[in-house]
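In: Kindly generate the corresponding structure for this input.
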Amino acid sequence: MEKLVTSNLKLGIIAGGQLGKMLIQEASKWDIITYVMDNDENCPAGKIASHYIKGSNLEFDSVYQFGKLVDVLTFEMENINIDALKRLKSEGHRIVPDPEILELIQDKGLQKAFYEKNGIPTARFQICDSEAAILNGIEQGDISFPFVQKLRKGGYDGRGVAVIKDKNDLKKLLHGPSVIEEKVEIEKEISVIVARNKKGEIKCYPVVEMLFDPYANLVDKLICPASVTVEQSEKAIDFAGDIIELLNMEGLLAVEFFIDSKGEVVVNEMAPRPHNSGHHTIESIITSQFEQHLRAILNLPLGSTRLKLPSVMINILGADGHEGSVVYEGLTESMAIDGVKIHLYGKSVTKPYRKMGHVTVMSSSLECALKKADKVKQLIKVKSWEKS
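Out: Have a look, this model is predicted:
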């Protein structure tokens, strides 16, 4: 699809969370008809889509029947019934990114094997099919403390990951086939979002630095541009471009990296979709990640990834101890700060550490943006009516 024909193009999005919502907001600028499938009738994207379809991303029939309704099918999460997507593809339906790429990325074991095969630096690893196999590996001396256990499938936003520092942590082992990684001594965590269309055009966004909430294991603060060396930035961008090219992928790919204690850039994992580490692009980059995803999957010219202003993004998370109907504090005060842009996702129920929105703070200097972001973080609280 090299020319955009508005008013009759049907775009389908599997899952209707905040990523789907922000993708629809961009699609609406081009008069694209949007379909969203999600089991939750109150999902954020369902409220603004042209058509909402109730269905499960894990059920073959739901995914298959939904895919037949649209001209182009994409997704905002990895956990989707692959067999249904493959059937749709075999029948000539356009699914982007390709189901086989999604199948590889769904499985962290296959991901790691892909990096190893293609000479992409990543933490040393081994595959274990069970908790018993991990314990046996420790006993035989094949697995050393400390290590990181990642379930091969189903994990996201810190779920499905256990950091095992010593024998006392073995009670935290997760059940199921896993990747066991040698624990990297992390100096920084960074991310690069890269896009590629069918023509093979590739555009990378500036490197961002991610600071994590130690309790929720979610991004607490995202800084653009990242405070890394030119060499580290170039390496990360080159690796991201190499990966999307090796995959022959169309769409948007978020690649997360560690910078280790020796200053080396090491791939952690990737996601074939818009990503939390790219939310700042809505205001601070010429082309947002959501517009770029649309450009890539529709084989349109990719947009500029030039930075307008330094920016800091913070996630708005549900407060600990609060669950129920949501109430926000500090929005008005935050809006009074120059350069603050607030995005609320439209989730009516808050839970501890649930992503309820994000704030992007822009300024002429990164130092100033960081100070403003810290102030906003202190101001905005997400509570429940029941406890407020």
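In: Surely Ser191 is in a strand?
Out: Yes - remark: Ser191 belongs to a strand, assigned using DSSP: H, G, I helix; E, B strand; the rest coil.
In: what are the ranges of the helices in this structure?
Out: 18-27, 60-67, 82-90, 99-106, 108-117, 131-140, 230-246, 281-284, 289-297, 331-335, 366-379 (DSSP state H).
In: Between helix 289-297 and the first one, find me the angle.
Out: Put simply, helix 18-27 runs at 70 degrees to helix 289-297, going by axes from the mean of the first three to the mean of the last three Cα atoms, to 10 degrees.
In: From the centroid of the chain, which residue is nearest?
Out: The structure's the chain has its C-alpha centroid closest to His275; by Cα atoms, centre = their mean the separation is 3.0 Å.
In: What sits closest to that residue if chain neighbours are left out?
Out: Ala254 (3.4 Å; Cβ to Cβ, 6 or more residues apart in numbering). C-betas here are computed from N, CA, C, even on glycine.
In: Determine which of the helices of the chain shows the lowest mean per-residue pLDDT.
Out: Per-stretch mean pLDDT for the helices of the chain is lowest at helix 131-140 (a mean of 93).
In: Give me the residues contacting it.
Out: The contact list for helix 131-140, computed with Cβ atoms under 8 Å, 6 or more residues apart in numbering, reads 126, 128, 143-145, 149, 170, 173-175, 178, 180.
In: Repeat that for stretch 100-112.
Out: Outside stretch 100-112, the residues touching it (Cβ under 8 Å, 6+ apart) are 75, 78-80, 82, 85-86, 114, 122, 125, 127, 150-153, 155, 177, 179, 181, 247, 249, 269-272.
In: Just the strands from the stretch 201-350 of the chain, written as ranges.
Out: 202-204, 208-212, 219-224, 251-260, 265-271, 311-317, 324-329, 340-344, 349-350 (DSSP state E, counting those that start in this stretch).
In: Mean neighbour count, distance to Leu300 and mean pLDDT for the ones you listed - can I get that in JSON lines?
Out: Output for the strands of the stretch 201-350 of the chain, formatted as JSON lines (neighbours: other Cβ atoms under 10 Å; distance: least, Cβ to Cβ, whole Å; pLDDT from 0 to 100):
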{"stretch": "strand 202-204", "mean neighbour count": "19", "distance to Leu300": "12", "mean pLDDT": "98"}
{"stretch": "strand 208-212", "mean neighbour count": "19", "distance to Leu300": "24", "mean pLDDT": "93"}
{"stretch": "strand 219-224", "mean neighbour count": "22", "distance to Leu300": "24", "mean pLDDT": "92"}
{"stretch": "strand 251-260", "mean neighbour count": "24", "distance to Leu300": "12", "mean pLDDT": "98"}
{"stretch": "strand 265-271", "mean neighbour count": "21", "distance to Leu300": "22", "mean pLDDT": "97"}
{"stretch": "strand 311-317", "mean neighbour count": "25", "distance to Leu300": "25", "mean pLDDT": "96"}
{"stretch": "strand 324-329", "mean neighbour count": "16", "distance to Leu300": "37", "mean pLDDT": "95"}
{"stretch": "strand 340-344", "mean neighbour count": "18", "distance to Leu300": "25", "mean pLDDT": "98"}
{"stretch": "strand 349-350", "mean neighbour count": "18", "distance to Leu300": "37", "mean pLDDT": "94"}
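In: Looking at the ones you listed, which is nearest to Trp30?
Out: Judged by Cβ to Cβ, the one of those that comes nearest to Trp30 is strand 251-260, at 16.5 Å.
In: For the contacts of helix 131-140, work out which two are farthest apart.
Out: Farthest pair in the contacts of helix 131-140, by Cβ to Cβ: Ser144 and His175, 21.7 Å.
In: I'd guessed Val208 sits against Val228; true?
Out: No - if you go by Cβ atoms under 8 Å, Val208 and Val228 don't touch, sitting 9.9 Å apart.
In: circling back to that earlier point, between Ser144 and His175, which is the more surrounded one?
Out: Legend: neighbour count by other Cβ atoms under 10 Å for Ser144 and His175, higher for Ser144 (11 against 8).
In: quick one, what contacts the more buried one?
Out: Here Ser144 is in contact with 138, 182 (Cβ under 8 Å, 6+ apart).
In: which residues touch Val312?
Out: 221-224, 280, 360-361, 366, 369-370, 372-373.
In: Of these, which is the nearest to Val163?
Out: Out of those, the member with the shortest distance to Val163 (by Cβ to Cβ) is Lys221, at 20.6 Å.
In: Excluding covalently adjacent residues, which one is nearest to the closest one?
Out: In space, Lys221 is closest to Leu211, 4.3 Å off (Cβ to Cβ, 6+ apart).
In: any idea how far Gly155 is from the one you found?
Out: Going from Leu211 to Gly155 by Cβ to Cβ, to the nearest Å gives 21 Å.
In: Apart from its chain neighbours, what residue comes closest to Leu246?
Out: Asn118 (5.5 Å).
In: Need the phi and psi values for the one you found.
Out: Torsion angles at Asn118 (phi, psi; degrees, to the nearest 10) stand at phi -100, psi 10.
In: Could you count how many residues lie near it?
Out: Asn118, neighbours per other Cβ under 10 Å, totals 11.
In: Show the contacting residues for it.
Out: Asn118 touches 242-243, 246, counting by Cβ under 8 Å, 6+ apart.
In: Repeat that for Ile120.
Out: The contact partners of Ile120, taken as Cβ under 8 Å, 6+ apart, are 114, 239, 242-243, 267.
In: a markdown table for these, including distance to Gly200?
Out: What follows is the contacts of Ile120, written out as a markdown table (distance: Cβ to Cβ, whole Å):
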| residue | distance to Gly200 |
| --- | --- |
| Phe114 | 20 |
| Phe239 | 18 |
| Asp242 | 13 |
| Ile243 | 14 |
| Val267 | 22 |
